[in-house]
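[1] Sequence first, then the predicted structure:
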Amino acid sequence: MKKAKIYKPSKTAMQSGLKKFDKWIIEFITEKPGINPLMGWESSSDTYSELNLEFKTKELAIEYAKKNKIDYELIEPKTRKINKKSYADNFTK
């Protein structure tokens with residue numbers, strides 16, 4: 001059976017906004033990647049390792065995995081803690 005992980009991607013350190021990070025991704029897991037003898041890169045004959053599916057909601061991704069009999073691991077996103085500050089706090093110390 002195919003194995004996959006379902007997750008919501010996180011933004012990189014070079015990005016400040018969260019606009020493009022509202023999608024969920026199914027990424028297939030390769031069991032035994034091999035080493036390419038010519039270049040020394042990691043490679044696999046499994047074409048599912050190159051496939052990432054995007055969904056608007058977590059429920060749609062889970063429904064797709066169940067419908068196609070894919071074993072999946074759900075990785076919940078971590079919530080951001082926002083400390084609200086006032087501009088005046090810079091001068092009150």
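    Yes, it's here.
[2] Which secondary structure element of this protein has the lowest mean pLDDT?
    Scoring the helices and strands of the chain by mean pLDDT, DSSP states H and E places strand 42-43 at the bottom, with a mean of 80.
[3] which helices and strands does it pack with?
    The contact analysis (3 or more CB pairs under 8 Å, 6 or more residues apart in numbering; DSSP states H and E) places strand 42-43 against strand 34-35. (Glycine included, C-beta is placed from N, CA and C.)
[4] Let me see the residues that make contact with the strand it packs on.
    Under the criterion CB atoms under 8 Å, 6 or more residues apart in numbering, residues 41, 42, 43, 44, 45 lie in contact with strand 34-35.
[5] ok so, going back, quick check: mean pLDDT across the helix or strand following the least confident helix or strand of the chain?
    Proceeding C-terminally, strand 42-43 gives way to strand 52-55 as the next helix or strand, assigned by DSSP states H and E. For strand 52-55, the mean pLDDT works out to 93.
[6] Just the helices from the chain, written as ranges.
    For the chain, the helices defined by DSSP state H cover 58-67.
[7] Burial check on residue 24, number of neighbours?
    22 (other CB atoms under 10 Å).
[8] just to revisit the earlier point, next one: the least confident helix or strand of the chain to chain centre, how far?
    Averaged C-alpha coordinates place strand 42-43 at 20 Å from its chain's average position (CA atoms, centre = their mean, to the nearest Å).
[9] One more: stretch 11-24?
    11 Å.
[10] tell me which residues in it are buried?
    residue 24 (16 or more other CB atoms under 10 Å).
[11] With stretch 53-68 instead?
    For stretch 53-68, a neighbour-count test (16+ other CB under 10 Å) marks 53, 55, 58, 61, 62, 64, 65 as buried.
[12] Could I get the contacting residues of the nearest residue to the first one once chain neighbours are set aside?
    Which is residue 53. In this structure, residue 53 finds its nearest non-sequential neighbour in residue 26, 4.4 Å apart by CB to CB, 6 or more residues apart in numbering. When contacts are counted by CB under 8 Å, 6+ apart, residue 26 is found next to 4, 5, 6, 52, 53, 55, 61, 64, 65, 70, 72.
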